[in-house]
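# structure here, sequence nowhere to be found:
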């Protein structure tokens, strides 16, 4: 018989634990084509929650949604050659329809800069048309040659890509920074995942960008996970795509642009950060089911009475926008159900059996701490559950922060830096001269990249070459 | 200078009127690749409204969303050969990633039956796993060889595809009929578009289906527009894909399946049905902006006072969930704005100038009838606007019904049927023997198909062969 629960320990075999968790909790399944996954209904409902919260925030900022075609002519991709070079080996090419060859092959979008900006150039005439702020929720395809991992590295992924156009560089910079803050707030407050934010090095930035701001998570195995980026595109696209406008000064100007995105990687981060040996732990604010209610009866004597009490509670949950689910299925024991819903990461479990009914109480079990307590049915149980959910949201963030902080080191000794990166994993903060050679040297010896630049204009020495340092940076290995 | 408004009359050159309207109202733009369109923000916001209403209804019925991969291995498509044959000439094939050829070419999904059912077979073990009801909001690609037309016939389109699995044939049939009703109610009540519903002939049904139910709109040029379908798939897929389950009787059974979908064609139907020579007319329930407010001031004397009054009204609209927009841009005259918002189909326009301020009133103009009236600012203007929006929703449906009814004919004479279909367009209801030869004969002589079968088991003669008729059917030419 197949063991239903997770058979690997998170601390012992993190990678296998992760794969088992996403599969057994029924978030995803594999597809026949390597690198492609199916987002099952339970996983999709987490993605829907992420979408709906972010979408509201984007709209508040005046960004609107649109849809651009899946297929992009090669000529368009070549127009901004630097940008495209980065995607060349990863592009899926359409060369036939039916039995006929297509004259000029078409790329499945690896990202939509080129196809969107071709249209932007047509739409934008005057400063009055700016800012133009659009977002696309879609899927993009990039053939993954490395090992694939659900949510983290797949050949197709769901994401959103925002593309804005501004009159001045200042406006563009403001947008780039605003989006970083918006993402950070969301990741902290909803996903309860702590992150570091900063600038990418020139080597690591998006090739078409003047600079890239990044959100970097530190996963339990000490590896960095890039969870979102916000790019200042400068005029790197507006010039080749001729996105220009008549300014207030009656002169033609090239526009300033930004692009920014997060993907279902956020789900990967969430699972890795909070899960335990029993499976998922979902932060209440993002959980599709916040409370699962399990009636317990071994004969039919009290069944109707128990289900009646549950019905009343569910109604109260509904009217308080608490997402609850009653598992009254009869083919499984209560114990089996406890395990099942623990694996699926539901924040709170309520049990109610004949004895609880007698005492007018409910058993409430928290997924993160396994704390169990009785609450009275008469003393506004919904308020108590709301409070527990809020507390759990905070607890998850605090726990994650404290774990994360233990994986951040500082170093001012090159040898120790390399030892640390080679052995223990985690982020190491060092001072750096800004020189690509020094960055590459660390990469060669340890496999670690600069994940982000935190401070600029410091007064110190580079950990590699010992010349004057310009920045504090974090090195880490990454997904 | 380019004329900004629509330059073609709807009655005179319907096709050109349609194209101008979707472009000039900024619903869409063309892409560089033939047959592909960009859904711009205004068009997308209509699609978002359609999505959000339907999505709620699907969920009420217990259907959940999921996401399946874009690329499907050829072997999977071939497994249900009949089904696939219909799509063969239309499939976009991926044959390369980067510079490398792919060993087995991959299809961009023309629809997801095959890839979904492959997984369904893995997931379904017992009658307890049924019904399984999933829906996918995605885009599908089918190369269009015929003339393309925005929303109506494009090589990529946005849609939803629902795929359900049931224990018994009865349950599947119930689902097929339920979805038809759900779609019909939505199209009537929200889009204000009247339709005919019924069964497709065997020739016209979805190849993989036992039978297909259809929603057929009649466009102002008399052509039929298929606006949605609900398929009873029987066991046609469950057998080749081996979707079987252990029944309550402890025996293995093949499952019964349905699939159903509507696409952005609904937007095409909406535009064609309601629009006029000035552009779009959007039914209030689906309009992204229900009320546009245009302040009128020729100098700055009353400006702040007018904007203050408008602010108060907008707040009331917001708290009553009325979607309003204030066009206070200064580069255009009020007259220009009137035309612009009429072209964009906003149901109600409110004007407020210095004189209106003096009289404590607002000018309210209805997009469909152009009726203009003054309403008092003091007498709860929001209630009055809500009432006007409701009335307009009804008026649009009534007008559309009355126009539609004039394009439905009955006939019991073959010669007259052919004359009618060749000259006037519209739907012609006739009696039919059920024989493919008779169906083909009408097609050959007129280009018209059977759009739907309305009644079965009638007692009459076939209009073509004059043998016993089994059904009343509607013939029409179609998009």
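That came through fine. Quick caveat, the model's predicted, so the values are computed rather than measured. Numbering: from 1, shown residues only, chains lettered A, B, ... in the order given.
# tell me the residues on the stretch 301-450 of chain A that lie near chain B, please.
A:329, A:331 (C-beta under 8 Å from any C-beta of the partner chain). Bear in mind the C-beta positions are built from the backbone N, C-alpha and C, glycine included.
# mind listing the strands for the stretch 301-450 of chain A?
Taking DSSP state E, counting those that start in this stretch as the criterion, the stretch 301-450 of chain A carries its strands at A:324-326, A:348-352, A:361-366, A:372-376, A:408-410, A:427-432, A:449-461.
# from the stretch 201-350 of chain A, which residue is nearest to chain B?
Chain B sits closest to residue A:331 of the stretch 201-350 of chain A, with a gap of 5.9 Å, by C-beta to the nearest C-beta.
# look up how far residue A:303 lies from that residue.
Distance of residue A:331 to residue A:303, computed by C-beta to C-beta, to the nearest Å: 16 Å.
# tell me which residue of chain A is furthest from the middle?
Distance from the C-alpha centroid of chain A, by C-alpha atoms, centre = their mean, peaks at residue A:301 (47.6 Å).
# give me the neighbour count for residue A:356.
20 (other C-beta atoms under 10 Å in any protein chain shown).
# winner for burial among the strands of the stretch 301-450 of chain A?
strand A:427-432 (a mean of 24; mean count of other C-beta atoms under 10 Å in any protein chain shown).
# mind splitting chain A into its structural domains?
Here the domain parsing of chain A from automatic domain parsing is A:14-274, A:291-388, A:408-476.
# deepest-packed of the ones you listed, please.
Highest mean neighbour count among these (mean count of other C-beta under 10 Å): domain A:14-274, a mean of 20.
# tell me what residue A:162 is bridged to.
With DSSP bridges applied, residue A:162 shows beta-bridge pairing to residue A:135, residue A:260.
# could you point out which element follows the worst-scoring helix or strand of chain A on mean pLDDT?
When each helix and strand of chain A is scored by mean pLDDT, DSSP states H and E, helix A:81-85 comes last, with a mean of 74. Per DSSP states H and E, the first helix or strand lying C-terminal to helix A:81-85 is strand A:92-97.
# which residues in the stretch 101-250 of chain A form strands?
Remark: strands assigned in the stretch 101-250 of chain A by DSSP E, counting those that start in this stretch are A:132-141, A:156-166, A:196-199, A:211-218, A:224-234, A:244-246.
# output the contacting helices and strands for the fifth one.
Secondary structure elements in contact with strand A:224-234, counted by 3 or more C-beta pairs under 8 Å, 6 or more residues apart in numbering or on different chains; DSSP states H and E, are helix A:169-189, strand A:211-218, strand A:256-263, helix A:265-274, strand A:449-461.
# repeat that with 7 Å
Applying 3 or more C-beta pairs under 7 Å, 6 or more residues apart in numbering or on different chains; DSSP states H and E, one finds that strand A:224-234 contacts helix A:169-189, strand A:211-218, strand A:256-263, helix A:265-274.
# reformat those as a markdown table; add mean pLDDT.
Formatted as a markdown table, these follow (pLDDT from 0 to 100):
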| stretch | mean pLDDT |
| --- | --- |
| helix A:169-189 | 98 |
| strand A:211-218 | 98 |
| strand A:256-263 | 98 |
| helix A:265-274 | 98 |
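# ok so, going back, reformat the strands of the stretch 301-450 of chain A as TSV; add mean pLDDT.
Below are these laid out as TSV (pLDDT from 0 to 100):
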stretch	mean pLDDT
strand A:324-326	98
strand A:348-352	97
strand A:361-366	97
strand A:372-376	95
strand A:408-410	96
strand A:427-432	96
strand A:449-461	89
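# circling back: would CSV of the strands of the stretch 101-250 of chain A with distance to residue B:120 be doable?
Below are the strands of the stretch 101-250 of chain A laid out as CSV (distance: least, C-beta to C-beta, whole Å):
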stretch, distance to residue B:120
strand A:132-141, 21
strand A:156-166, 20
strand A:196-199, 42
strand A:211-218, 34
strand A:224-234, 32
strand A:244-246, 52
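# in JSON lines: the domains of chain A, plus distance to residue B:58.
What follows is those, written out as JSON lines (distance: least, C-beta to C-beta, whole Å):
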{"stretch": "domain A:14-274", "distance to residue B:58": "12"}
{"stretch": "domain A:291-388", "distance to residue B:58": "17"}
{"stretch": "domain A:408-476", "distance to residue B:58": "42"}
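# closest to residue B:326 out of these?
Among the domains of chain A, the nearest to residue B:326 by C-beta to C-beta is domain A:14-274 (14.3 Å).
# now do the same end-to-end measure for the closest one.
In terms of C-alpha to C-alpha, to the nearest Å, the two terminal residues of domain A:14-274 are separated by 13 Å.
# check the offset of it from the chain's centre.
Domain A:14-274 sits 12 Å away from the centroid of its parent chain (C-alpha atoms, centre = their mean, to the nearest Å).
# please tell me how far the residue farthest from the centre of chain A sits from residue A:357.
11 Å.
# again, but for residue A:424
Distance, residue A:424 to residue A:357, by C-beta to C-beta: 53 Å.
# ok so residue A:9 is a strand residue?
No. Applying DSSP: H, G, I helix; E, B strand; the rest coil, one finds residue A:9 to be coil, outside a strand.
# neighbours around the residue of the stretch 351-479 of chain A found nearest chain B, how many?
Closest residue of the stretch 351-479 of chain A to chain B, C-beta to the nearest C-beta: residue A:479 (21.0 Å). Using other C-beta under 10 Å, residue A:479 is surrounded by 18 other residues.
# just list whatever residues bridge to the residue in the stretch 151-300 of chain A that chain B sits nearest to.
Nearest to chain B in the stretch 151-300 of chain A, going by C-beta to the nearest C-beta, is residue A:156, at a distance of 5.7 Å. Counting by DSSP bridges, residue A:156 is bridged to residue A:141.
# ok so, going back, could you dump the helices and strands packed on strand A:224-234 to CSV with distance to residue B:190?
Formatted as CSV, these follow (distance: least, C-beta to C-beta, whole Å):
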stretch, distance to residue B:190
helix A:169-189, 32
strand A:211-218, 39
strand A:256-263, 32
helix A:265-274, 33
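# longest helix anywhere in chain A?
Counting residues, the longest helix in chain A under DSSP state H turns out to be helix A:381-405.
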